[in-house]
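Colleague: Prediction below, plus the sequence it came from.
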Amino acid sequence: MNHLEGLNTAQKEAVLHTQGPLLVLAGAGAGKTRVIAHRVAEIVRRGAAPEEILAITFTNKAAGEMRNRIQGETSRFAAQGSPRFRLNTPFVSTFHSLGLLMIKENAKLLGFTRAPTIWDRADSLREIKVALKQSGAEDIEARAALSLISKQKGHGITAAEFGVGAENFRERAIATAWLAYERALHKESAVDFDDLLLRAMHLLRDHSNVRERYQQRWKYIHIDEYQDTNFVQAQLAELLVGDAKNICVVGDIDQTIYGWRGAEIANILSFEKKFPGAKTVLLEENYRSTKNILAAANDIISKNNNRVEKNLYTKNQDGEALSLYQAFDELDEAQFIVRKIQELRAGETCGNFPQVKPAEPAEPRDFAVLYRANFQSRAIEEKLLTAGIPYQVLGTRFFERKEVKDALAFVRCALRSEGEEGGADLVRVVNVPPRGIGKVTVLKILAGRERELPGAMRGKVAILRSLLRRIQEVTVTLPPSEVVRFVIVESGMEGVFKEDKIEGGERLENLRELVSLASRYDGYPKETALESFLESVALQSDQDELKDEQNAVRLMTVHAAKGLEFSVVFITGLEEGLFPYARDPSTSLRAGDEDADKEEERRLCYVALTRAKQKVFLSYASYRTVFGSKNATLPSQFISDISDHLLVWESPERLGKTIYLD
């Protein structure tokens, strides 16, 4: 059993329990991905076909890492297996990719004539604004309405069901707008992100023959990050489980930090009730952090009540104490971060802190700066830029840039079947670059009244249609990267950006990067390559924007950092009202339960601390500017929760001579 070498006792226990329900409660850095990979290998070793195994996680990045680990572990049995073994692999996917697969495989049953288009948040926001206007509810903020709709879908509620239960004018107005939004999706033969899960769940729930088919296909189910599942995701997973109840869920209650978007901690807490006789294994040995970092994390999380008691430990070194810095304001805080990065990059020591790389300076990629709210990044970016330190902000989504969305819209629009206008995509590209085609003209095109247009305008539309036909023709013969390159040149975007001496260069570089990304799909079968590329783009998450090869300091929210690790971590803005974040009681994650919000904030701090391998810097500002107003702050309660012996105060930079004036 070579694949069990190096596993600790608890890990082996989880790996060897291959039959029946299994709950693995894995602390941060406890090797949960390793356990899943080895468990899959053990199931294959015992005779299961690899393609009978399903593993689901949340991001493409995590799915890719898990897929590589699983293939690495199972490949050692390839020589013993049949040719079929060598040709097939376990199916590793995100929840959303799995939902899309089911929708595509059952498109006709769900009323689609072809694979649906996937709307991203920007597409949904645009359409919900239109729907609110049509409903006479323009005073309702579109983002708030879309957030409510998304949360309702996550609870498995449809537009019609929400309308029946609407209790006030605001809810009734949103219900009306939601129905209009659903009609727009149907007209476009599209789904939004929430539909990928909701429709898949309804498919399994309402069609027993479909459900049984998937249960026969995947006889062993693995769900990673189970604590992050919402109602629909948990239902989807349970519906996939066959009579043998071979489901393994892995998660950490202490890392449940997505309640604001519908994640239900009750899913993992009630697993043993849903699956009687389930085995539970605790993974408490951490392989990532120093003892002092883990001690601080345990100090924080132990204050929570709604959790399964466990205590992370490690055989790693004690490490340096956590550094604490009291800044004057956000600029002073940012300057402190820059100063510490410069010191460590120069190879200077910090107390008895061991160098990130023994005998050589730290690299920019070794550092992460975490914050509770996106607005905090501005001051930090400013100081890093001034110091010439390369950095990358996670959350600036590549695929949400206008020029990137325009190029992709051209491709999607050209792929439409004869007679399909592709409204949203057509509206987006009709004036890219500007062609002088107005809104009235677009409405007439979409309404099939093109013949009513003046001759000159019909000529402009004909030029656009000719472009789309040419793009459609090359999609049949060229690989994805060449299709994208064709769009950039033939559409005229390249020429326009070359003439733009201000932003054109950067936008052109973004389009060239899109070509590079598309090239990853050039080796796919010709008939599915372009579709696979467009689907992967639509299913991107924030973490998928991270470029591992880029040697830069990472800036991100704590939420975005979950699942990642760095040698040195700065946790900034540790002030009451910011971290922990103070919500208005009326916007609580769970109405009437403010304690749930407080516990989630504490879990968020625990996640932040356990991202660090070697060193943590904590900081707070005495004054912080928010919405243009500089306000006095109080240190976060999380600081006082950490034992004094684990903290060391950082001194401010040497100040100049102080003169006191009466």
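Modeller: Received it, and whenever you're ready, just let me know what you need.

Colleague: For the helix or strand hosting Leu514, name the packing helices and strands.
Modeller: Element membership of Leu514, judged by DSSP states H and E, is helix 504-518. Counting contacts by 3 or more Cβ pairs under 8 Å, 6 or more residues apart in numbering; DSSP states H and E, helix 504-518 is packed against helix 402-414, helix 480-490, helix 493-499, helix 526-538. (C-beta placed from N, C-alpha, C; glycine too.)

Colleague: Make JSON lines out of these and add mean neighbour count, distance to Arg372 and mean pLDDT.
Modeller: Shown next, in JSON lines, are the helices and strands packed on helix 504-518 (neighbours: other Cβ atoms under 10 Å; distance: least, Cβ to Cβ, whole Å; pLDDT from 0 to 100):
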{"stretch": "helix 402-414", "mean neighbour count": "21", "distance to Arg372": "28", "mean pLDDT": "88"}
{"stretch": "helix 480-490", "mean neighbour count": "21", "distance to Arg372": "37", "mean pLDDT": "93"}
{"stretch": "helix 493-499", "mean neighbour count": "16", "distance to Arg372": "36", "mean pLDDT": "87"}
{"stretch": "helix 526-538", "mean neighbour count": "17", "distance to Arg372": "29", "mean pLDDT": "85"}
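
Colleague: Columns distance to Asp318 on top of these, output as TSV?
Modeller: Formatted as TSV, the helices and strands packed on helix 504-518 follow (distance: least, Cβ to Cβ, whole Å):
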stretch	distance to Asp318
helix 402-414	47
helix 480-490	51
helix 493-499	54
helix 526-538	43
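
Colleague: quick one, which of those is nearest to Asp139?
Modeller: helix 402-414 (27.8 Å; Cβ to Cβ).

Colleague: what's in contact with that closest one?
Modeller: 117, 122, 398-399, 422, 424-426, 428-429, 432, 467-469, 471-472, 475, 483-484, 487-488, 491, 493, 497, 507, 510-511, 514, 530, 534, 537 (Cβ atoms under 8 Å, 6 or more residues apart in numbering).

Colleague: Please pick the buried ones from those.
Modeller: Neighbour-count burial (16 or more other Cβ atoms under 10 Å) applied to the contacts of helix 402-414 gives 117, 399, 422, 424-426, 428-429, 432, 467-468, 471-472, 475, 483-484, 487-488, 491, 493, 497, 507, 510-511, 514, 530, 534, 537.

Colleague: gap between Leu100 and Lys613?
Modeller: Using Cβ to Cβ, to the nearest Å, Leu100 is found at 35 Å from Lys613.

Colleague: check contacts around the residue lying closest to Asp500 once chain neighbours are set aside.
Modeller: In this structure, Asp500 finds its nearest non-sequential neighbour in Arg507, 7.4 Å apart by Cβ to Cβ, 6 or more residues apart in numbering. Going by Cβ under 8 Å, 6+ apart, Arg507 touches Arg401, Glu403, Phe497, Asp500.

Colleague: Adding distance to Ala362, write those out as TSV.
Modeller: Shown next, in TSV, are the contacts of Arg507 (distance: Cβ to Cβ, whole Å):
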residue	distance to Ala362
Arg401	31
Glu403	35
Phe497	37
Asp500	38
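
Colleague: Contacts only, for the nearest residue to Arg485 once chain neighbours are set aside.
Modeller: Sequence neighbours aside, Val515 is the residue nearest to Arg485 in space, at 5.2 Å (criterion: Cβ to Cβ, 6+ apart). The neighbourhood of Val515, defined by Cβ under 8 Å, 6+ apart, consists of Ser481, Val484, Arg485, Ile488.

Colleague: what's near enough to touch the first one?
Modeller: Applying Cβ under 8 Å, 6+ apart to Ser481 gives the contacts Val515, Ser516, Ala518, Ser519, Tyr521, Asp522.

Colleague: Neighbours of the last one, how many?
Modeller: This points to Asp522. By other Cβ atoms under 10 Å, 15 other residues sit near Asp522.

Colleague: give me phi/psi at it?
Modeller: phi -60, psi -30 (degrees, to the nearest 10).

Colleague: Going forward, the N-terminal residue is numbered 59.
Modeller: Taking 59 as the first residue, the last one we looked at is Asp580.

Colleague: From Ala587, how far off is it?
Modeller: Distance of Asp580 to Ala587, computed by Cβ to Cβ: 7 Å.

Colleague: joint contacts of these two?
Modeller: Common contact partners of Asp580 and Ala587 (Cβ under 8 Å, 6+ apart): Pro537, Pro538.

Colleague: list the buried ones in stretch 495-514?
Modeller: Ile495, Thr499, Val500, Lys502, Ile503, Leu511.

Colleague: Show me which of those is closest to Gly87.
Modeller: Of the buried residues of stretch 495-514, the one sitting nearest to Gly87 (Cβ to Cβ) turns out to be Val500, at 53.1 Å.

Colleague: then the longest helix belonging to the chain to PDB, C-alphas only?
Modeller: Longest helix of the chain, by residue count under DSSP state H: helix 513-535. This file holds the C-alpha atoms of helix 513-535, laid out as PDB (Å, rounded to 0.1, in the frame of the first residue of the first chain):
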ATOM      1  CA  GLY A 513     -31.100  52.500 -46.700                       C
ATOM      2  CA  ALA A 514     -28.000  54.000 -45.100                       C
ATOM      3  CA  MET A 515     -28.700  52.300 -41.800                       C
ATOM      4  CA  ARG A 516     -29.400  49.000 -43.400                       C
ATOM      5  CA  GLY A 517     -26.000  49.300 -45.000                       C
ATOM      6  CA  LYS A 518     -24.300  49.700 -41.600                       C
ATOM      7  CA  VAL A 519     -26.300  46.700 -40.300                       C
ATOM      8  CA  ALA A 520     -25.300  44.600 -43.300                       C
ATOM      9  CA  ILE A 521     -21.600  45.300 -42.600                       C
ATOM     10  CA  LEU A 522     -22.000  44.000 -39.000                       C
ATOM     11  CA  ARG A 523     -23.800  40.900 -40.300                       C
ATOM     12  CA  SER A 524     -21.100  40.300 -42.800                       C
ATOM     13  CA  LEU A 525     -18.500  40.500 -40.000                       C
ATOM     14  CA  LEU A 526     -20.500  38.000 -37.800                       C
ATOM     15  CA  ARG A 527     -20.800  35.600 -40.800                       C
ATOM     16  CA  ARG A 528     -17.000  35.700 -41.300                       C
ATOM     17  CA  ILE A 529     -16.400  35.000 -37.600                       C
ATOM     18  CA  GLN A 530     -18.900  32.100 -37.800                       C
ATOM     19  CA  GLU A 531     -17.100  30.600 -40.800                       C
ATOM     20  CA  VAL A 532     -13.700  30.600 -39.000                       C
ATOM     21  CA  THR A 533     -15.200  29.000 -35.900                       C
ATOM     22  CA  VAL A 534     -15.700  25.900 -37.900                       C
ATOM     23  CA  THR A 535     -12.100  25.700 -39.200                       C
END
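
Colleague: ok and it relative to helix 460-472, angle-wise?
Modeller: 80 degrees (axes from the mean of the first three to the mean of the last three Cα atoms, to 10 degrees).
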